[in-house]
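Participant: Provided below are the primary sequence and the corresponding predicted coordinates.
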Amino acid sequence: MAVSRALLVIAHGSRDPRHAATVHALTGRVRALRPGLRVETAFLDFNTPTVGQALSSLYLSGVREVVALPLLLTRAFHAKSDIPAALAESTSRLPGLSVRVADVLGPSPLLLTALERRLAEAGLTPADRAGTAVVLASAGSTDPEAIAVIAETAREWRRTGWCAVRPAFASAALPRTEDAVRALRAEGFARVAVAPYVIAPGRLPDRIAAGADAAGADVVADVLGAAPELARLLLRRFDAAATAPVRLPALTA
């Protein structure tokens with residue numbers, strides 16, 4: 001019997017094969033948490049299936065209700081423009097298909113827990129918290145709303161006990177990771193860790209790691225990847241969207 005509702009996770013895509021592999025590992029973890037839910041993946045660029053291809057495949061298999069979930073940490077250009085455009089184009093040619101659009105992943109306490117997990121895996125212990133300054137290194141954006149969310153996330157994380165948490169960006173905004181590390185050193189913090197606030201490997205995460213190494217960061221965590229907290233967060237976003245009115249967000253200029 002065909003499944004009538006599905007979750008479509010929409011990732012950015014990358015030429016780096018580690019990106020798609022990480023996204024698929026994450027969606028696989030989501031399937032394991034919710035065995036009765038059909039979970040598919042689409043990409044905006046570089047990888048397949050595209051959003052249109054994934055929706056067409058779901059439609060041909062009998063699915064008529066889809067929750068589209070942007071695999072993004074902030075509401076920047078891709079969430080406000082690219083994804084709505086791709087969804088609108090597809091729904092216009094698939095009669096009877098309804099699409100609910102879930103919120104982006106951030107901000108969420110689960111993301112902070114995932115960041116903590118990655119720092120612990122990189123060697124930090126709870127006893128290190130009070131003596132460690134952290135650089136929250138994101139991909140970057142020209143969208144002021146997205147930059148503000150990253151800054152607020154850093155402030156919220158600082159309240160959990162780290163002696164400092166500062167935002168940094170791999171592109172489009174300042175400071176860069178290496179500059180944030182050096183600034184914390186100049187302020188007298190003896191131990192500096194870099195926590196990449198990105199989901200999957202690729203060019204910008206590599207830039208974050210290179211900047212951290214160049215500035216002599218003591219600890220460099222891995223990307224968020226298929227952390228169990230992210231899988232749970234995807235299901236939270238799905239559940240919230242599944243009961244919301246059917247609507248596609250308006251395209252922005």
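Facilitator: Sure, I can see it. Residues are numbered from 1 along each chain as shown.

Participant: now do the contacts for Ala221.
Facilitator: Leu115, Arg118, Leu119, Glu121, Ala122, Ala193, Val194, Ala195, Pro196 (C-beta atoms under 8 Å, 6 or more residues apart in numbering). C-beta coordinates here come from the backbone N, C-alpha and C atoms, glycine included.

Participant: and what of Ala193?
Facilitator: By C-beta under 8 Å, 6+ apart, the neighbours of Ala193 are Leu119, Ala122, Leu124, Thr132, Ala133, Val134, Val135, Ala217, Asp218, Val219, Val220, Ala221.

Participant: filter those residues to the buried ones?
Facilitator: With burial judged by 16 or more other C-beta atoms under 10 Å, the buried subset of the contacts of Ala193 is Leu119, Leu124, Thr132, Ala133, Val134, Val135, Ala217, Asp218, Val219, Val220, Ala221.

Participant: residue ranges of the strands in the protein, please?
Facilitator: For the chain, the strands defined by DSSP state E occupy 5-11, 38-43, 65-70, 98-101, 132-138, 164-169, 191-197, 219-220.

Participant: so for His24, which of those strands sits nearest?
Facilitator: The closest of the strands of the chain to His24 is strand 38-43. By C-beta to C-beta, the value is 6.3 Å.

Participant: still on that earlier bit, can you list the buried ones among the contacts of Ala193 in a markdown table and add distance to Gly106 and pLDDT?
Facilitator: Shown next, in a markdown table, are the buried ones among the contacts of Ala193 (distance: C-beta to C-beta, whole Å; pLDDT from 0 to 100):
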| residue | distance to Gly106 | pLDDT |
| --- | --- | --- |
| Leu119 | 17 | 98 |
| Leu124 | 22 | 97 |
| Thr132 | 22 | 98 |
| Ala133 | 22 | 98 |
| Val134 | 16 | 98 |
| Val135 | 17 | 98 |
| Ala217 | 23 | 98 |
| Asp218 | 26 | 98 |
| Val219 | 22 | 98 |
| Val220 | 21 | 98 |
| Ala221 | 17 | 98 |
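
Participant: kindly format the C-alpha coordinates of stretch 216-225 as PDB.
Facilitator: What follows is stretch 216-225 as a C-alpha-only set of coordinates in PDB (Å, rounded to 0.1, in the frame of the first residue of the first chain):
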ATOM      1  CA  GLY A 216      46.400  27.600  16.500                       C
ATOM      2  CA  ALA A 217      43.100  26.600  18.000                       C
ATOM      3  CA  ASP A 218      43.500  24.000  20.700                       C
ATOM      4  CA  VAL A 219      40.500  22.000  19.700                       C
ATOM      5  CA  VAL A 220      38.600  21.700  16.400                       C
ATOM      6  CA  ALA A 221      35.400  19.800  16.500                       C
ATOM      7  CA  ASP A 222      33.800  17.900  13.600                       C
ATOM      8  CA  VAL A 223      30.700  19.200  11.700                       C
ATOM      9  CA  LEU A 224      27.300  18.400  13.100                       C
ATOM     10  CA  GLY A 225      26.700  15.600  10.600                       C
END
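
Participant: show me which pair in the contacts of Ala221 is furthest apart.
Facilitator: Glu121 and Val194 (13.5 Å).

Participant: out of the two, which sits in the busier spot?
Facilitator: Val194 (26 against 11; other C-beta atoms under 10 Å).

Participant: would you enumerate the residues in contact with the more buried one?
Facilitator: Per C-beta under 8 Å, 6+ apart, neighbours of Val194: 134-135, 137, 168, 177, 181, 208-209, 211-212, 217, 219-221.
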